[in-house]
Every structure is written in structure tokens, then in C-alpha cells.
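Colleague: Predicted model, plus sequence, below.
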Amino acid sequence: MSFKAQIITIFVSSPSDVSGDRQLVLDELNAWNQRNGKARGCYLSPLTWEDLVAPDFGDSAQDVINVEVGDDYDVFLGLMWGRFGTPTNKAESGTQEEFERALARKTSGDALRISFLFKKADLPFDKTDPEQLLKVKQFKDMIAGEGGFYVEYSDDRELVSGLTTIFDKIANEKERYVERAPETAKKKSE
């Protein structure tokens, strides 16, 4: 049976070393929707560059991603572990550039929610890069310095718990995203 629900789009951003965790995020979004969507009148729609972006040319590969993903999402969900990522033309990693774009929207008054989760499990020895780890630590410090609150998780259970908290909070505040909808529509028409 059909039902009415508000669609809230969640952009998932991360370096490649958390690809398994990215998949868990997508699985948990689906499970949350099945458990809560109808009763809460809210559907959480994932947005990932892998499922959206078609091969193309731009100033850089990240620019192609930025253009195709755009700013048409309500929640930025970042994940990071031991890799900071690959540098772009504008930032030290694609994830950092995507975060900075989201933060610029938020500081300009957009109702965007920014949630960041950092994995704190031990890294396999062959995956440990001190330079990448330092950049992750500096990024965490920068987030805290900007007034951001992030959560750390050690395993899948803790990640799922953190995601459930985020998803429930989004559903509790769903009116927040309705208020920004006319502005988004206006920007698209300009």
C-alpha cells in the first residue's frame, strides 16, 4: 500500500579505505526506511557519487563529481579511517573538498546537517601510512575547531548505533528540510 513520505537526501562522502563501511551505511539506510519510513512519514535517500556520476571531463575528476552531485542534498554524512584521500585541485582530498562545500552551505545559512564519523579500529600494518594518519588527525582537529561534533566507532555495531542516532535525529527534524526546499528550487531555476 502506498504512503506519503518526505524524501531527505543523504550524501555519503569518504576515502576508499572505508568502502565496506559505506556499504553498511547504504544497507542501514535501507533497513531504517523499511522499519521507520511509513510510520515516520520520512524516507532517507542515499546519494553516492558511484551511483550518480557518469564519466565526463572537467577541470579535474573531483570537479566532475561536484557538478553532478551538486548541492541537492539535505545531509552530508562523512566517514574516515586511516586514509585522508587523494588530493584534488582545491583540497588535500576529495572528501575534504566535499566537506568544505557542505560547510560553506551550512555557514551561509542552509539547514544542511553535517555528520562525520571516524573509525578508530586498528589499521592493518600494510595499510598504515603515517602521513595519511596525520592528515586524518588534523582534519578531526579542524572539524572540532569549526564547532563540529563527530563520533568515533570501532566496529560495525558501533557504526550502526551511530547511524541509527543520526537517522532518527533527521526524521525528528524533518520539517527543517522542508523549509529549505523552496530555496533549493529557486536556486535551480536561476
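Modeller: Noted; the coordinates are in hand.

Colleague: which residues does the residue most central in space within the chain contact?
Modeller: Ranked by distance to the mean C-alpha position of the chain (CA atoms, centre = their mean), the top residue is residue 77 at 2.1 Å. For residue 77, the set of contacting residues under the criterion of CB atoms under 8 Å, 6 or more residues apart in numbering consists of 10, 11, 12, 13, 25, 115, 116, 117, 166. Where you see a C-beta, it was placed from the backbone N, CA and C, and this is true even at glycine.

Colleague: and residue 93, backbone torsions?
Modeller: Taking degrees, to the nearest 10, you get phi -160, psi 160 for the backbone angles of residue 93.

Colleague: before we move on, what about residue 66?
Modeller: Comment: the main-chain dihedrals of residue 66 come out as phi -60, psi -40, following degrees, to the nearest 10.

Colleague: coming back round to it: quickly note the distance from the residue nearest to the centre of the chain to residue 116.
Modeller: Separation of residue 77 from residue 116 (CB to CB, to the nearest Å) stands at 8 Å.

Colleague: Check residue 12 too.
Modeller: Using CB to CB, we find residue 12 at a distance of 11 Å from residue 116.

Colleague: do the same with residue 8
Modeller: Counting by CB to CB, the gap between residue 8 and residue 116 amounts to 18 Å.

Colleague: Quick check: which helices or strands does the longest helix seen in the chain pack against?
Modeller: Residue-count comparison of every helix in the chain, with assignments taken from DSSP state H, identifies helix 19-40 as the longest. In terms of contacts (3 or more CB pairs under 8 Å, 6 or more residues apart in numbering; DSSP states H and E), helix 19-40 is packed against strand 6-13, strand 42-47, strand 75-80, helix 156-172.
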